[in-house]
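Trainee: prediction below, plus the sequence it came from.
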Amino acid sequence: MQFKEINNNVFYAGLNDSNRVIFDELIPLEHGTSYNSYLIKGSNKTAVIDTMYPPFCDIYLQNFDKNGITNVDYIVANHGEQDHSGSIPSLLEKFPNAKVLTNQTCKQNLMEMLLINEDRIQVVSNNEEISLGDKTLRFILAPGVHWPDTMFTYLVEDKMLFTCDFLGSHLTFDDLYAKNDELLYSMAKRYYAEIMMPFAFVCRKYTSLIENLNPNYVLPSHGPLHDNPKFIIDCYKDWASETPKNLVLIPYVSMYGSTEEMVNYVDKRLNSLGINVICHDLVRDDLGDLAVGLVDAATIVVGAPMVLAGPHPIALNAVVLANALKPKAKFASVIGSYGWGGKLAETISSLFTTFKPEIIEPVIVKGKIKETEKNLLDNLVDSIAEKHKNIGLL
Ligand code: FEO
């Protein structure tokens, strides 16, 4: 494969992975992903920014030969996770004079996870610059987006910012640049939800830093490149903001339809009061869509029946995931149905530990909800509406 020139001796050297259907063995990929690597030819030295997911290492290395690259001086590791760093050992072997440039935290990760020798690594500090001749690499430490070892690399003269996972998307591409269309928006939001949302506070900080830096290009390590970075920067400003939207997310599972009936009732009533609702069937819908709903929701209402002596395990799984993603939701509740008892609402509510929403009185009934019990759901809906009104969403 011919490396594609982005601009002025900076090349795209990454690969698409169209066949990958799940990432981290957790969340499905709708459109595969890409592992982005970049080659920078300075007048004196050549640098590679991030490398390749190991299953693609052979093709990746062959491409250096096909493009006539006989020497690499620096391999910049912006982050130690192996979808980007996994081919560093092979690249070091191929180019025996090359040094890895990375921060102290990432150095430790590379030594422990990839067994890279310390003498092949040169530690860089925040804002340190290294010259390639007519081009200068500047390193910007960005711990927390999304690992403690993450950093960005800024190519000063070309105003190109290499952000590793930050501002990326799981999406293959043929043309280099993001089209900033609905597909890019939804894939980038899904990616933000799954990978960056737990670090929203840090994301806000680095989104602002990048906005002030005003790069011409933002070059992430997954998904299309941004030659109009304002689009993705504005998206992150919205997604990572502390203010939720007038949205209730109802992840639910229902065994005999009793819980689903309650979900549908609440959905309809909330809609009638001008509140947007996403009902997410935890058995049939894509887990990634649940994560996306969590980006904006002000309220989460978990719908679950009891299984044996506890909440349905599929609902528990979703609650554990939601808690790990640390959404901005301010309120939560539980609705559901039981056959012979157990602690449904208490168990689910106790799992919200990272974002501590205010719990609105749950509605748990035996079997099918009776006409005489529907006022309990009305009360729940009215409480949600009042809470949304109180924080200026309605
Ligand atoms: Fe794409 Fe955190 O690795």
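Mentor: That came in fine, so what should we check first? Numbering: from 1, shown residues only.

Trainee: what's around the residue of the chain found nearest the ligand, how many residues?
Mentor: Closest approach of the chain to the ligand (CB to the nearest ligand atom) occurs at Glu81, with a separation of 3.6 Å. Quick note: C-beta positions are derived from backbone N, CA and C, even for glycine. Counted with other CB atoms under 10 Å, residues neighbouring Glu81 total 21.

Trainee: touching, it and Trp147? I think so.
Mentor: Yes: between Glu81 and Trp147 there is a contact under CB atoms under 8 Å: 6.4 Å.

Trainee: re earlier: ok, the residue of the chain closest to the ligand to Leu213 distance?
Mentor: 24 Å (CB to CB, to the nearest Å).

Trainee: what does Lys343 give?
Mentor: 51 Å.

Trainee: try Asp296
Mentor: The separation that Asp296 has from Leu213, given CB to CB, amounts to 27 Å.

Trainee: compare these two and say which is more crowded by neighbours.
Mentor: For Asp296 versus Leu213, neighbours defined as other CB under 10 Å are more numerous around Asp296 (22 against 15).

Trainee: number of residues surrounding the nearest residue to the more buried one once chain neighbours are set aside?
Mentor: Leaving out its chain neighbours, the residue that sits closest to Asp296 by CB to CB, 6 or more residues apart in numbering is Lys245, at 4.2 Å. By other CB under 10 Å, 14 other residues sit near Lys245.

Trainee: wait, doesn't Lys245 sit right on Ala297?
Mentor: Yes: Lys245 is in contact with Ala297 according to CB under 8 Å; the separation is 7.3 Å.

Trainee: which parts of the chain sit against the ligand?
Mentor: His79, Glu81, Asp83, His84, His146, Asp165, Ser221, His222 (CB under 6 Å from any ligand atom).

Trainee: hmm, try it at 5 Å
Mentor: Contact residues, the chain versus the ligand (CB under 5 Å from any ligand atom): Glu81, Asp83, Asp165.

Trainee: helices and strands around the helix or strand hosting the second one, which ones?
Mentor: So the one you mean is Asp83. Assignment of secondary structure by DSSP states H and E places Asp83 within helix 82-85. Contact analysis of helix 82-85 by 3 or more CB pairs under 8 Å, 6 or more residues apart in numbering; DSSP states H and E lists helix 104-114 as its packing neighbours.

Trainee: which residues are contacting the helix or strand following the helix it packs on?
Mentor: On the C-terminal side of helix 104-114, the nearest following helix or strand under DSSP H and E is strand 121-123. Applying CB atoms under 8 Å, 6 or more residues apart in numbering, the contact partners of strand 121-123 are Lys99, Val100, Leu101, Thr102, Asn103, Gln104, Lys107, Leu110, Met111.

Trainee: against which helices or strands is the lowest-mean-pLDDT helix or strand in the chain packed?
Mentor: None of the helices or strands of the chain scores lower by mean pLDDT, DSSP states H and E than strand 27-28, at a mean of 86. Contacts defined by 3+ CB pairs under 8 Å, 6+ apart place strand 27-28 against helix 287-296.

Trainee: hey, C-alpha coordinates of the helix it packs on in PDB?
Mentor: C-alpha atoms of helix 287-296 as PDB (Å, rounded to 0.1, in the frame of the first residue of the first chain):
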ATOM      1  CA  LEU A 287     -25.000  -2.300  23.700                       C
ATOM      2  CA  GLY A 288     -23.200   0.600  21.900                       C
ATOM      3  CA  ASP A 289     -26.500   2.400  21.600                       C
ATOM      4  CA  LEU A 290     -27.000   2.200  25.300                       C
ATOM      5  CA  ALA A 291     -23.600   3.900  25.800                       C
ATOM      6  CA  VAL A 292     -24.600   6.600  23.300                       C
ATOM      7  CA  GLY A 293     -27.900   7.200  25.200                       C
ATOM      8  CA  LEU A 294     -25.900   7.700  28.400                       C
ATOM      9  CA  VAL A 295     -24.000  10.600  26.900                       C
ATOM     10  CA  ASP A 296     -27.000  12.900  27.000                       C
END
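
Trainee: show me how far it is from its chain's centre.
Mentor: 11 Å (CA atoms, centre = their mean, to the nearest Å).

Trainee: phi first, then psi, for Ser57.
Mentor: You called it Ser, but residue 57 is Cys. phi -60, psi -40 (degrees, to the nearest 10).

Trainee: could you do Thr243 as well?
Mentor: Dihedral angles (degrees, to the nearest 10) for Thr243: phi -90, psi 120.

Trainee: I figured it hits Ala329, correct?
Mentor: No: Thr243 is beyond contact range of Ala329, at 11.5 Å (criterion: CB under 8 Å).

Trainee: list the contacts for Ser90?
Mentor: Cys57, Leu61.

Trainee: helix/strand/coil for it?
Mentor: In three-state terms, and counting by DSSP: H, G, I helix; E, B strand; the rest coil, Ser90 is helix.

Trainee: so it versus Glu128, what's the distance?
Mentor: Ser90 is 26 Å from Glu128, by CB to CB.

Trainee: nearest to the spatial middle of this protein, which residue is it?
Mentor: Ile195 (2.5 Å; CA atoms, centre = their mean).

Trainee: hang on, the earlier thing: what's in contact with the least confident helix or strand of the chain?
Mentor: So strand 27-28 is contacted by Val21, Ile22, Arg190, Glu194, Asp286, Leu287, Gly288, Ala291 (CB under 8 Å, 6+ apart).

Trainee: quick one: average confidence on whatever helix or strand comes next after it?
Mentor: Scanning forward in sequence from strand 27-28 by DSSP H and E, the next helix or strand is strand 33-35. The average pLDDT for strand 33-35 rounds to 98.
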